[in-house]
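Enquirer: From the sequence below, what's the structure:
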Amino acid sequence: MFIEDAYATSTAEPETIWVDTSEPLTINADLASSVDTPPSSITDIITPDMISPLQYGDLADLGLISWTPAGLIRWSLEVMQVSTDIPWFWTIVAGTVFWRIVLLPFSIKGSRDVARMTVHAPKLEAAKKRLNAASSKGKAELEQAMIGLQDAYAEAGVSPGSMLLMPFVQLPVIIGLFIGIKGMCEHPVEQLRHSGFDFLPDLTAITSVADPYFILPIMMVTAMNFQMKVCEAIHVSFLC
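Expert: The predicted model follows:
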């Protein structure tokens, strides 16, 4: 009896189990839809944080380094940023301050000349009028009037040649700063897309997008005019 039951059990056909596969298929579809699709290209998996830092010579490879004022200023910014690894926004701020310090002696000289001219303006105007009046007279009177004008400038402590030279010394650096930084942003240098400053996160953005009301240029011009007025007032007070 035991043997027959065992044989019957071993030779019995397996029971067919019917399973509703509609729900598992739905679950599998949901799982599949929840998985992110693979990137179509290598650019899809590159994130902003994966942009490599700037290295020495990168700006030269982009054609942004030259012996012009703009090219030299770009080179100085590259050296500063690569050496210190500070964010690009603050690199530009530090570079601007550095070049303003370089120009500081010339700015002080120019402000002092303007202040002296203001203090001695009556004497200088009188000497110029005598020179204009002597131009229609004899040579001797003209030479004497020119000597009088030179003495008036010497008494004021001002050299006309240095007054004409000061703007030409400062102008290339100021224009170079503007053109140099603008060229880096417009090229664009990819590292400038992450400035490190929340107000202007992307320095390569169009000006009208990043600053639609041109607040930064207005602030810069206002600050420069305020600086010139203050320096002139200080020097006039000091000379008086």
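
Enquirer: Please, which helix or strand holds the nearest residue to Ile179 once chain neighbours are set aside?
Expert: Once flanking residues are discounted, Ile179 sits nearest to Ala70: 4.3 Å by Cβ to Cβ, 6 or more residues apart in numbering. For the C-beta atoms, the positions are set from N, CA and C on the backbone; glycine is no exception. Secondary structure from DSSP states H and E places Ala70 in helix 69-84.

Enquirer: Return the list of helices and strands in contact with that helix.
Expert: helix 58-61, helix 88-119, helix 160-186 (3 or more Cβ pairs under 8 Å, 6 or more residues apart in numbering; DSSP states H and E).

Enquirer: What mean pLDDT does that helix get?
Expert: In this model, helix 69-84 carries a mean pLDDT of 93.

Enquirer: what's the answer for stretch 105-120, then?
Expert: Confidence for stretch 105-120, expressed as mean pLDDT, is 84.

Enquirer: Pull out the buried positions in it.
Expert: Neighbour counts using 16 or more other Cβ atoms under 10 Å place 106-107, 109-117, 119-120 of stretch 105-120 among the buried residues.

Enquirer: give me phi/psi at Leu192?
Expert: Phi and psi for Leu192, reported as degrees, to the nearest 10, are phi -80, psi -10.

Enquirer: for it, what are its contacts?
Expert: Shown in contact with Leu192 (Cβ atoms under 8 Å, 6 or more residues apart in numbering): 88, 184-185, 202-204.

Enquirer: How about it: what's its closest non-neighbour residue?
Expert: Nearest residue to Leu192, sequence neighbours excluded (Cβ to Cβ, 6+ apart): Leu203, at 4.1 Å.

Enquirer: That neighbour: what secondary structure?
Expert: Classification of Leu203 using DSSP: H, G, I helix; E, B strand; the rest coil returns coil.

Enquirer: can you pull the contacts of it?
Expert: With the criterion set at Cβ under 8 Å, 6+ apart, Leu203 makes contact with 88-89, 92, 185, 192-193, 195, 210.
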